[in-house]
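In: Need a 3D model of the sequence below.
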Amino acid sequence: MTNEFVFYDLETAPEESKNLLGDLFDKNGRNGFYSVLAGSPETLKAYTELHELFMHTSFTDEERTVIWQTINVEHECNFCVPAHTAMAKYMNINDDVINALRDETPLPKAKLEALRSFTLEVVRTRGHASEGAVSDFLTSGYTHQNILEVVLGLSQKIISNYVNHLAGTPAEEKYKKFSWTKAYKP
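Out: This next block holds a predicted model:
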């Protein structure tokens, strides 16, 4: 038995994954991450449902980008950072925001920085955020609903970041111009 993950296509994917995989390929083009996820129809479905739910949270596209990229950078996902950079550009997110997230430098808006700080607190403490961190987040203009939505975004990103790490998913050719290396290592 090999340790290498299988990257499925529409012919080789498990039967239960084929329809959803086909839909994802139609929407987004062939993607190595989806190709790996197809090996577990339940995980493929869970990821896509979490993504759809996160897209309908109270966060703006800019705020969703802050959450996704903060987690991607913290988890050092060399597949997701470039993919979400392309996604952010497609959503017309300001380059100052995109670059600050990728480079771990201050964001141009205090409220976005508060969102990044809180997201990092949740990731780094595994949900044991300090009372001060929660209070700071709420004081910055966010709500308890937003706290729960950060957890939803993290749930989605754990699936993609961890699967890409475990599978060694190669960077997509279409995202190579956005390749990335973590600037700060603790």
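In: which residues does residue 51 contact?
Out: Residue 51 makes contact with residue 156, according to C-beta atoms under 8 Å, 6 or more residues apart in numbering. From N, CA and C alone the C-beta is placed, and that goes for glycine too.
In: now it: how far from residue 90?
Out: 15 Å (C-beta to C-beta, to the nearest Å).
In: can you check residue 97 too?
Out: Taking C-beta to C-beta, one finds residue 97 at 14 Å from residue 90.
In: again with residue 98
Out: Taken as C-beta to C-beta, the span from residue 98 to residue 90 is 11 Å.
In: Of the two, give the one with the bigger neighbour count.
Out: residue 98 (20 against 9; other C-beta atoms under 10 Å).
In: show me the contacts for that one.
Out: Residue 98 neighbours (C-beta under 8 Å, 6+ apart): 65, 69, 85, 88, 89.
In: Averaged pLDDT, the one helix or strand it maps to. What do you get?
Out: Per DSSP states H and E, residue 98 falls inside helix 95-103. In this model, helix 95-103 has a mean pLDDT of 97.
In: Quickly list the domain ranges of the chain.
Out: 15-54, 58-178 (automatic domain parsing).
In: Can you say which of those domains is nearest to residue 6?
Out: Residue 6 sits nearest to domain 15-54 of all the domains of the chain, at 5.8 Å, using C-beta to C-beta.
In: How far does that closest one stretch from one end to the other?
Out: End-to-end distance for domain 15-54: 27 Å, by C-alpha to C-alpha, to the nearest Å.
In: chain center to that domain, what's the gap?
Out: 15 Å (C-alpha atoms, centre = their mean, to the nearest Å).
In: what sits up against the lengthiest helix in the chain?
Out: Ordering each helix of the chain by length in residues (DSSP state H) puts helix 144-167 first. Here helix 144-167 makes contact (C-beta under 8 Å, 6+ apart) with 5, 7, 33, 36-37, 43, 46-47, 50-51, 53-54, 57-59, 64, 67-68, 71-72, 75, 77-80, 115, 118-119, 122-123, 127, 134, 137-138, 169.
In: For residue 88, which residues are in contact?
Out: Neighbours of residue 88 in contact, by C-beta under 8 Å, 6+ apart: 65, 69, 97, 98.
In: now the helices: where do they sit in this protein?
Out: Under DSSP H, the chain gives helices at 15-28, 32-37, 41-55, 61-74, 80-90, 95-103, 110-124, 131-139, 144-167.
In: one step back: quick one: which two of the contacts of residue 88 are the most distant?
Out: Between any two of the contacts of residue 88 (C-beta to C-beta), the greatest distance is 8.8 Å, for 69 and 97.
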